[in-house]
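J.: sequence and predicted structure below; questions after.
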Amino acid sequence: MKFTIRKEELNDIIVAILGLSLAFMFAFFCNFLNYNVSCFEHPVMIIIYYLIAMLGVVTAFFGHEMMHKYVAMRNGYYAEFRKWDLGLLISIITGMIGFVFAFPGATMIYGWLDKKTDGLVSIAGPVYNLVLGLFFIGISFISKVLFLNEILFFLGQINIWISMFNMLPIPPLDGSKVLRWNVTVWAIVFAIAIGLAVKFVFLI
């Protein structure tokens, strides 16, 4: 099936990106538990942080959802992303306190999927995020350009966070569908995501 994005789907994607970018801007730069003077006293910094967060959301969230869509359509299913307004609001509110519960919407797949196909479609997004997250973090360690290494590290953090969050075995998250298909595959990917999150997101 040909990969296409309709205007309605594109509109939903744009709204989700704008809202989720706000959530991650709060969580990583301007949340009220980790007071950042540059956020609240210098409006220009809010714009800069928002644009950096948006770059992270585009690479992590948009890429994640498009991987679901691509794998589904490769298997002969029609798929479209649909935003969830309440979920976006939850994402923004939790971001304000420094911990994003990312529920901006989901890629809806039309038709009945067997466990294996559902598992493969579901795991495509988190694996994409892990690979991209490691790539960004790896490049950040060798970058000598001032501030660029911090942006690259942040992009890696967002990708790893989204992978770990989505691999939680809680319906309707990806992890629940992967677990239903193959316990071993779920356990391996989830363990890697947790390990990377502890190291690079929580910095423990």
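T.: Yep, it's here.
J.: how about the helices of this structure, start to end?
T.: Along the chain, counting by DSSP state H, helices occupy 7-25, 37-41, 43-57, 63-74, 85-96, 115-142, 148-166, 174-181, 183-196.
J.: now the angle between helix 43-57 and the fifth one, please.
T.: Taking axes from the mean of the first three to the mean of the last three C-alpha atoms, to 10 degrees, one finds helix 85-96 and helix 43-57 inclined to each other by 120 degrees.
J.: give the buried residues for helix 85-96.
T.: Within helix 85-96, the residues that count as buried by 16 or more other C-beta atoms under 10 Å are Gly87, Leu88, Ile90, Ser91, Ile92, Thr94, Gly95, Met96. Heads up, the C-betas are built off the backbone N, CA and C, glycines and all.
J.: which one of those is nearest Lys115?
T.: Nearest to Lys115 among the buried residues of helix 85-96, counting by C-beta to C-beta, is Gly87 at 25.4 Å.
J.: what is the burial count for the residue nearest to the closest one when sequence neighbours are not counted?
T.: Leaving out its chain neighbours, the residue that sits closest to Gly87 by C-beta to C-beta, 6 or more residues apart in numbering is Phe103, at 3.0 Å. When neighbours are defined as other C-beta atoms under 10 Å, Phe103 has 20 of them.
J.: state the pLDDT value of Phe103.
T.: Predicted confidence (pLDDT) for Phe103: 86.
J.: what's the answer for Phe32, then?
T.: At Phe32, pLDDT is 63.
J.: the one 5 residues further on too?
T.: Listed pLDDT for Val37 reads 55.
J.: go on, Val201?
T.: 87.
J.: my guess is it contacts Asn159. True?
T.: No. The pair formed by Val201 and Asn159 falls short of the contact definition of C-beta atoms under 8 Å, at 9.8 Å.
J.: rewinding a little: is it possible to export the helices of the chain to JSON lines including distance to Thr107?
T.: Formatted as JSON lines, the helices of the chain follow (distance: least, C-beta to C-beta, whole Å):
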{"stretch": "helix 7-25", "distance to Thr107": "9"}
{"stretch": "helix 37-41", "distance to Thr107": "32"}
{"stretch": "helix 43-57", "distance to Thr107": "15"}
{"stretch": "helix 63-74", "distance to Thr107": "4"}
{"stretch": "helix 85-96", "distance to Thr107": "13"}
{"stretch": "helix 115-142", "distance to Thr107": "8"}
{"stretch": "helix 148-166", "distance to Thr107": "11"}
{"stretch": "helix 174-181", "distance to Thr107": "10"}
{"stretch": "helix 183-196", "distance to Thr107": "18"}
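J.: hang on, the earlier thing: compare Val201 and Asn159 (neighbour count), which wins?
T.: Neighbour count, other C-beta under 10 Å: between Val201 and Asn159, Asn159 has more, with 30 against 19.
J.: OK, contacts around the more buried one?
T.: By C-beta atoms under 8 Å, 6 or more residues apart in numbering, Asn159 lies in contact with Gly56, Thr59, Ala60, Asn129, Leu130, Leu132, Gly133, Phe136.
J.: chain neighbours aside, what residue packs nearest to it?
T.: Closest to Asn159 by C-beta to C-beta, 6+ apart is Gly133, at 3.3 Å.
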